[in-house]
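[1] One predicted model, sequence on top.
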Amino acid sequence: MFATLNLLALLSASLATLALVVSIYVGSRNLGNFDPALIAYLFGCIFACFGVVYRYTVWLQRPPTWRYFSRGWQLFFTGKAISYGWELTKHFVGNFLGQNFIRKRGKSVGYGHFLMAWGCLLAFAVTFPLVFGWIHFGLKPGGINTYEIYVFGFKTDEFPLHTWIAELIFNALNWSAILVIAGVMLMMRRRLTHAGQIAIQTFENDWLPLLLLLAISVTGIGISVDNRFMEGRAHQFMAITHAITVILFLIWMPFGKFFHIIQRPAQLGIAIYRRAADEGPQAVCPHTGEAFLSGMQLSDLKHVTAELGFDFTRRDGKSHLDYSPCGKRALLARAHLKARQKSGHLFG
Amino acid sequence: MNTFRVDQEFFLDPQRCIGCHACEMACAECETNGQFPMIHVDYVDRYYTPQTSVQICMHCEDPVCARVCPAVAIEKDEYGIVHSAKTDRCIACSNCVNACPFGVPRKIEPMDLMMKCNMCYDRTSAGKRPMCATVCPSGALFYGTREEMARRRPNSSPVNTFKFGKQTVKTRVNIMMPKGSTELVVDANG
């Protein structure tokens, strides 16, 4: 059972989990601001932290991942922090905040993902600090019309009750649920009607995440609907089903499709890598005579393939990887022609 | 319901390619590609020869493209089909594009996404033939059983072992070689 245990990952995950537990203890002022009603969510978060860090560490140890990860940081600290910083900012605003690259893959997937992503991010921003006891609210002493916001036990702001600001803050999770439901609807429509998606989709990877997000959002809104319109008669059912769906999400995060939320920021490193690659010397294909790849990436690729046990060294001392994709296809076609010519028949 | 026919294989005979690009047009009809053709039709060395060649994904047994992917975005399924990069994971680094010994994957620049031939999975998973194989007029692309292929090409042998320098690559897709051949050695000096 323990034969495949990754010790480095186990160590990093344990340390990260310990750091989270300590920060919860300290941030909630010795659990003084911790809400015991959220204990089940807390254990879900702690498990998710362990699982995510474990998987991330295992992932980083793969030769190609580690090569990009280390090269990205190496480039960032080579004295071009301003130019790379600008590249990162552009990429972060356009591709992370705006998610432009997904919209270019299709309008429906673009808008669907945008809505789901912002709904989830808003929900994370509210849920995690609340569950950890880092944020809590309280009535201002001496009255019943003003609420105070405390962050790590320090009062940071206050707002009057029964105003639009109060509605906005108290219903933050409902707004996020509406965004997620709209996004999920767009994505489900696509999965039901797009022939290409239907062919390659799987229940576990493509439908389950959507159903889970939908269940979390609907049960979350259900808690508010129950409080406001049903006098809390279904509170127990709503609270338990919502907790189950959220905890399932947290437990599944390190293993399933949601891991891409953690993995995706690696693309920022690729933005720096590409910038450095464009500025450096380029590799020229011996067949086409044209530049096709940066010298840095070609060299990295040769190292990575060697680490993985591939050896493309040819008899002339060059590597098959020195050829561009077009050059490689031409080499194969020539070799095939040569074999046919040698046999005395061009067609068999 | 998946009705992939495991008794059928792809047989490629680049020597028969006449460069008509019919396969390219048909490939763009594949629903999984989003209207981008994934097949390659090339002039091998246009200045010296009119030879053209066609290349589909060979669906390697141990796909280099998947192994060099830093995001673990490329996966091989139970039928041996190596799929396009998963859209949620691909970080568009181009490692797969440049590591593939057959020069197959394409990076679709505006989408920041790698795409490649997945043997028309929308069709093959429903028991149909890939688009390119249905339109090729010269027999460069054939999809069917080994027995059918043997009847059509009695003087050729399907080969799925390639040597790129010191590296041996085994594939799911076959290339038609002179009878008795067991491998294709791809080396400029070979």
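    Nice, thanks for sending it over.
[2] alpha carbons only for contacts and neighbour counts from here, please
    OK.
[3] Going by residue numbers, what spans are strands in the chain?
    Just so you know, I chose chain A. Secondary structure of chain A (DSSP state E): strands at A:135-139, A:146-151, A:154-160, A:282-284, A:291-294.
[4] wait, I meant chain B there
    B:9-12, B:40-43, B:52-55, B:106-108, B:113-115, B:141-144, B:156-164, B:167-178, B:184-186.
[5] just to revisit the earlier point, okay, the strands of chain A in JSON lines with distance to chain B, mean pLDDT and mean neighbour count next?
    Output for the strands of chain A, formatted as JSON lines (distance: least, CA to the nearest CA, whole Å; pLDDT from 0 to 100; neighbours: other CA atoms under 10 Å in any protein chain shown):
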{"stretch": "strand A:135-139", "distance to chain B": "32", "mean pLDDT": "92", "mean neighbour count": "18"}
{"stretch": "strand A:146-151", "distance to chain B": "34", "mean pLDDT": "93", "mean neighbour count": "17"}
{"stretch": "strand A:154-160", "distance to chain B": "38", "mean pLDDT": "93", "mean neighbour count": "14"}
{"stretch": "strand A:282-284", "distance to chain B": "12", "mean pLDDT": "97", "mean neighbour count": "18"}
{"stretch": "strand A:291-294", "distance to chain B": "8", "mean pLDDT": "96", "mean neighbour count": "18"}
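[6] In TSV: the strands of chain B, plus mean pLDDT, mean neighbour count and distance to chain A.
    Below are those laid out as TSV (pLDDT from 0 to 100; neighbours: other CA atoms under 10 Å in any protein chain shown; distance: least, CA to the nearest CA, whole Å):
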stretch	mean pLDDT	mean neighbour count	distance to chain A
strand B:9-12	97	22	11
strand B:40-43	96	20	8
strand B:52-55	96	24	6
strand B:106-108	93	18	9
strand B:113-115	93	25	9
strand B:141-144	97	22	14
strand B:156-164	97	21	5
strand B:167-178	97	21	5
strand B:184-186	95	22	5
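[7] so what's the residue sitting nearest the centre point of chain A scoring on pLDDT?
    Computing the C-alpha centroid of chain A and ranking residues by CA atoms, centre = their mean puts A:Ile261 first, at 1.4 Å. For A:Ile261, the model assigns a pLDDT of 92.
[8] what separates it from chain B, distance-wise?
    Here the criterion is CA to the nearest CA, to the nearest Å. By it, A:Ile261 lies 9 Å from chain B.
[9] In contact with that residue, which residues?
    A:Ile261 makes contact with no residue, according to CA atoms under 8 Å, 6 or more residues apart in numbering or on different chains.
[10] again, but for A:Ile149
    If you count contacts by CA under 8 Å, 6+ apart, A:Ile149 has them with A:135-138, A:155-158.
[11] do the same with B:Asn174
    B:9-12, B:58, B:158-160 are the contacts of B:Asn174 under CA under 8 Å, 6+ apart.
[12] give me that answer again for 7 Å
    B:10-12, B:158-160 (CA atoms under 7 Å, 6 or more residues apart in numbering or on different chains).
[13] repeat for A:Ala19
    No contacts exist for A:Ala19 under CA under 7 Å, 6+ apart.
[14] residues from the stretch 101-250 of chain A in reach of chain B?
    A:101-102, A:104-105, A:195-197, A:199 (CA under 7 Å from any CA of the partner chain).
[15] Pick out the residue in the stretch 101-250 of chain A sitting closest to chain B.
    A:Gly196 (4.0 Å; CA to the nearest CA).
[16] Tell me the residues on chain B that lie near chain A, please.
    B:14-15, B:31-32, B:44, B:53, B:68-71, B:88-89, B:91, B:93, B:95, B:98-99, B:101-104, B:110-112, B:121-122, B:153, B:155-156, B:164-167, B:177-178, B:185-188.
[17] List buried members of the residues you listed by neighbour count.
    Buried subset of the residues of chain B next to chain A (neighbour count, 16 or more other CA atoms under 10 Å in any protein chain shown): B:14-15, B:31-32, B:44, B:53, B:68-71, B:88-89, B:91, B:93, B:95, B:98-99, B:101-104, B:111-112, B:121-122, B:153, B:156, B:164-167, B:177-178, B:185-188.
[18] What count of nearby residues applies to A:Phe50?
    Neighbours of A:Phe50 under the rule other CA atoms under 10 Å in any protein chain shown: 23.
[19] Tell me the predicted confidence for it.
    At A:Phe50, the pLDDT value in this model is 97.
[20] Same check on B:Ala188?
    pLDDT, B:Ala188: 56.
[21] where do the helices sit along chain B?
    B:22-27, B:64-67, B:95-99, B:121-124, B:131-135, B:146-152 (DSSP state H).
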